[in-house]
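Q: Sequence and computational prediction follow.
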2 protein chains.
Amino acid sequence: MYSKELLKGTLTAIILKLLADNGKMYGYRITQKVKQMSDNKILLKEGSLYPALHKMREEGLIDVETENIGKRIRHHYFLTSKGFLIKEEKEKELNDFINTISKIINHETN
Amino acid sequence: MYSKELLKGTLTAIILKLLADNGKMYGYRITQKVKQMSDNKILLKEGSLYPALHKMREEGLIDVETENIGKRIRHHYFLTSKGFLIKEEKEKELNDFINTISKIINHETN
DNA sequence: TTAAATACCTCGTTATTCTATATATTTTTA
DNA sequence: TAAAAATATATAGAATAACGAGGTATTTAA
């Protein structure tokens, strides 16, 4: 597990990317997917995920559909067109940031 | 300029790396070097830098020497041996984190 | 001589993730 | 079949770290 501060600012981009790739996803599914894709290195907590999803919905990046599974209600989230645009932006920003940090941290002195 | 949240958790690693490469550095010098190395994309603010340096000193990662430049006092910071060890750790962690995030954000669906 | 750059500092704000707690259903295991 | 684990959602408050805004002062360039 990484220092939890490192994840800050990356969560929205990660969620947008997963929804773009997988179509509709529900919350618990997102945590499992992130865990699996990161080799158990990013363990997304409920206290992080659900508030993030609610905020993204308020901002119009994602929308939700409910499904009844027996007595349980499942919330399926999916990208809006705005969400898709923001996903592209965030993806670029994150890759650019990674390149910049990488350049600094792996810079070799001569 | 990146979303300021992205920088979180990376600042200590960046400072440790710069000090490891350049030996003694004073605060203002660090901000300029980060600016230069990042092509003006990371503009480290005084409100971030100085508290960070003071904290790192409290934790024994860096130590300080003062120099009198005329009437001005300049604080030169340098790595302690503990700081060097933590630098190695943070460097690995940050590279690992970057790889993980990169894998997720640039994952191609098939 | 005035503005910009250099050089340091701190307080309070903001943003975001996490911990802890809560509730409840479904599936697996002993 | 009872208990435990996994599934599924939610929120309140704590923690952390970077920033904005403010302050002080010297040196250099226009």
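A: Everything's here; your move. Because the structure is predicted, anything quoted here is derived from the model rather than measured.
Q: who in chain A is up against DNA strand D?
A: Contact residues (Cβ under 7 Å from any atom of the strand) of chain A with DNA strand D: A:5, A:26-29, A:32, A:46-47, A:50-51, A:53-54, A:69, A:72-75. Using the backbone N, CA and C atoms, a C-beta is placed for each residue, glycine as well.
Q: Close to chain B: what parts of chain A are there?
A: A:2-10, A:13-14, A:17-18, A:21-22, A:34, A:37-39, A:41-42, A:91, A:93-98, A:100-107, A:109 (Cβ under 8 Å from any Cβ of the partner chain).
Q: ok, back up a step: restrict the residues of chain A next to DNA strand D to those near DNA strand C?
A: Of those, the ones that also sit near DNA strand C (Cβ under 7 Å from any atom of the strand) are A:46, A:47, A:51, A:69, A:72.
Q: those helices in chain A, which residues are they?
A: Under the criterion DSSP state H, chain A contains helices at A:11-22, A:27-37, A:46-58, A:81-105.
Q: Do I have it right that residue A:60 meets residue A:82?
A: Yes. If you go by Cβ atoms under 8 Å, residue A:60 and residue A:82 touch, sitting 5.2 Å apart.
Q: Which residues are in contact with the residue in chain A that DNA strand D sits nearest to?
A: Proximity of chain A to DNA strand D (Cβ to the nearest atom of the strand) peaks at residue A:27, 3.0 Å away. The contact partners of residue A:27, by Cβ atoms under 8 Å, 6 or more residues apart in numbering or on different chains, come to A:46, A:49, A:50, A:53, A:75, A:77.
Q: Check the burial of the fourth one by counting its neighbours.
A: Counted with other Cβ atoms under 10 Å in any protein chain shown, the burial measure for residue A:53 works out to 22 neighbours.
Q: Surely it touches residue A:77?
A: Yes. In this structure, residue A:53 is within contact of residue A:77 by Cβ under 8 Å, at 6.1 Å.
Q: can you list residues touching both of those two?
A: Joint contacts of residue A:53 and residue A:77 (Cβ under 8 Å, 6+ apart) are A:27, A:62.
Q: Residue A:21 against residue B:109, yeah?
A: Yes. Counting by Cβ under 8 Å, residue A:21 does reach residue B:109; the two are 4.7 Å apart.
Q: out of those two, which sits in the more crowded spot?
A: It is residue A:21, of residue A:21 and residue B:109, that has more neighbours when counted by other Cβ under 10 Å, with 13 against 6.
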